[in-house]
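> Make a model of this:
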Amino acid sequence: MAGTFVPDDLDAFLRLIIRNRRPGTMPFWVDWADRALYAARRILQHNTAARSRANVAHHYDISDDLYRLFLDADMQYSCAYFARPDMSLDQAQAAKKAHIAAKLALEPGMEVLDIGCGWGGMALTLARDHGVRVTGVTLSDNQLATARARAREAGLEHMVDFRLQDYRAIDRQFDRVVSVGMLEHVGLPHYGTYFDKVAGLLRDDGVALVHTIGRAAPPTTPSPWFDRYIFPGGYIPSLSELAVPVERAGLWTCDVETLRLHYALTIRQWQTRFRANVDRVRQMYDETFVRMWEYYLTACIMAFEEQPHGVFQLQLAKSVETLPLTREYLYPPGAGARAIAAAE
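I've put the predicted structure just below:
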């Protein structure tokens, strides 16, 4: 970030470092520091409502204009779904929303809660394409303003209600709950609270879909650099850390899907768009910010290409009988093509 060392190819440099970092190859103090951070995870990741809002503001309230430079038209800031390798970013994000909608098994008139609704794209899509009423909650002032403006422009104000609200403060039940890219901000000490709340928010025949970055490996320590500069309070869970609180919440794990390499493909497209607009980013901020975000995007690509990171989609229900017994309903004929066409 300071510019004191700038490799010609950051991608190749980080890949080289990651491939050569093996147990026993680092100085002893690095292992000690990792062990200390691991032991202190639950203390460091304690997210009160006030702290959660401050953490969200650090990343999401810097400027919507920045995100418009590299995200798709719907401003989906999460892993896309590349049903075909030749998909554009907009097509893959539309396919992601369609894939999640299928897992929610929606019916017209249902009430849906979107926890961490971002700029409103998922909520607006579900309301428009599936005839459901959506309540979307966020802790970002910028995202709330943009989501409400988009609902007005789309004529969907009567179908979508966006709120500045912590999910823990919601006190009613819904037919469906969807949460995309939000669990990473919950913090390890609060997984029990999170899944207990999801269970409490669902009606008896309700279904939830939780989409989160995850580790296909045992738990580890969060990155101090990411915690300081990018996502304060963030943590990437292993599947083993999610299974117990889901079980204790009394939820059926109806389906678990791991999207492998899809996020690497997504971020590579973000990186290309960011670089194409780097002069505008430099004008908006400064050279240090540009180097910080170059490192952020490249390090994330490496996490999904070289390290055991993927995206988990957990389909949860309160009743064993709520969802169909087989997975055919997730892939109805023509559904993918219709979703892609909607993005064009």
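
> List the buried residues of the longest helix along the chain.
Counting residues, the longest helix in the chain under DSSP state H turns out to be helix 287-306. Buried residues in helix 287-306, counting neighbours by 16 or more other CB atoms under 10 Å, are found at 289-290, 292-306. The C-beta positions use only the backbone N, C-alpha and C, and glycine is treated the same way.

> Contacts for the helix or strand just after that helix, please.
From helix 287-306 onward toward the C-terminus, using DSSP states H and E, the following helix or strand is strand 309-317. Under the criterion CB atoms under 8 Å, 6 or more residues apart in numbering, residues 79, 99-100, 103, 195, 198, 202, 206-216, 236, 239, 242, 246, 251-263, 303-304, 323 lie in contact with strand 309-317.

> hmm, try it at 6 Å
When contacts are defined by CB atoms under 6 Å, 6 or more residues apart in numbering, strand 309-317 is touched by residues 79, 103, 207-214, 216, 251-252, 254-260, 263, 303, 323.

> Same question for stretch 241-254.
By CB under 6 Å, 6+ apart, stretch 241-254 touches Tyr191, Gly192, Phe195, Asp196, Ala199, Pro219, Gln315, Leu316, Ala317, Val320, Leu323.

> switch the cut-off to 8 Å
For stretch 241-254, the external contacting residues (CB under 8 Å, 6+ apart) are 188, 191-192, 194-196, 198-199, 207-208, 214, 219, 312, 314-320, 322-323.

> helices or strands next to the helix or strand that contains Ala94 in the packing?
Using DSSP H and E, Ala94 maps to helix 89-104. Based on contacts counted as 3 or more CB pairs under 8 Å, 6 or more residues apart in numbering; DSSP states H and E, the elements that helix 89-104 packs against are helix 121-130, strand 174-180, strand 202-215, helix 262-276, strand 309-317, helix 335-343.

> how far away is the residue nearest the centre of the chain from Val311?
Note on the chain: the residue nearest the mean C-alpha position is Gly181, at 1.6 Å, using CA atoms, centre = their mean. Spatial separation of Gly181 from Val311 under the definition CB to CB, to the nearest Å is 9 Å.

> Pull up the overlap in contacts between the two.
With contacts defined as CB under 8 Å, 6+ apart, the residues adjacent to both Gly181 and Val311 are Cys79, His211, Thr212, Ile213.

> ok so, going back, check the contacts of stretch 241-254 for burial and list the buried ones.
Burial by neighbour count, judged by 16+ other CB under 10 Å, picks out 188, 191, 194-196, 198-199, 207-208, 214, 312, 314-318, 322-323 from the contacts of stretch 241-254.

> hang on, the earlier thing: which one is the residue nearest to the centre of the chain nearest to, not counting chain neighbours?
Computed as CB to CB, 6 or more residues apart in numbering, the closest residue to Gly181 that is not its neighbour in sequence is Ser78, at 3.7 Å.

> SS state for that neighbour?
Three-state assignment for Ser78 (DSSP: H, G, I helix; E, B strand; the rest coil): coil.

> I'd like to know how many residues surround it.
For Ser78, the tally of surrounding residues (other CB atoms under 10 Å) stands at 21.

> and Asp34, what pLDDT?
According to the model's per-residue confidence, Asp34 sits at a pLDDT of 79.

> Can you verify my assumption that it contacts Pro219?
No: the pair Asp34 and Pro219 fails to qualify as a contact (CB atoms under 8 Å) at a distance of 11.9 Å.

> Arg53: neighbour count?
Neighbours around Arg53, by other CB under 10 Å: 18.

> Let me see the contact set for it.
With contact taken as CB under 8 Å, 6+ apart, Arg53 is in contact with Leu139, Asp166.

> quick one: it from Val186, how far?
Arg53 sits 13 Å away from Val186, going by CB to CB.

> again with Thr272
As defined by CB to CB, Thr272 lies at a distance of 30 Å from Val186.

> if you count what's nearby, which of those two comes out ahead?
For Thr272 versus Val186, neighbours defined as other CB under 10 Å are more numerous around Val186 (24 against 13).

> Contacts only, for the more buried one.
Listed by CB under 8 Å, 6+ apart, the contact set of Val186 reads Asn47, Tyr194, Tyr235.

> What are the boundaries of the strands in the stretch 1-150 of the chain?
111-115, 133-138 (DSSP state E, counting those that start in this stretch).
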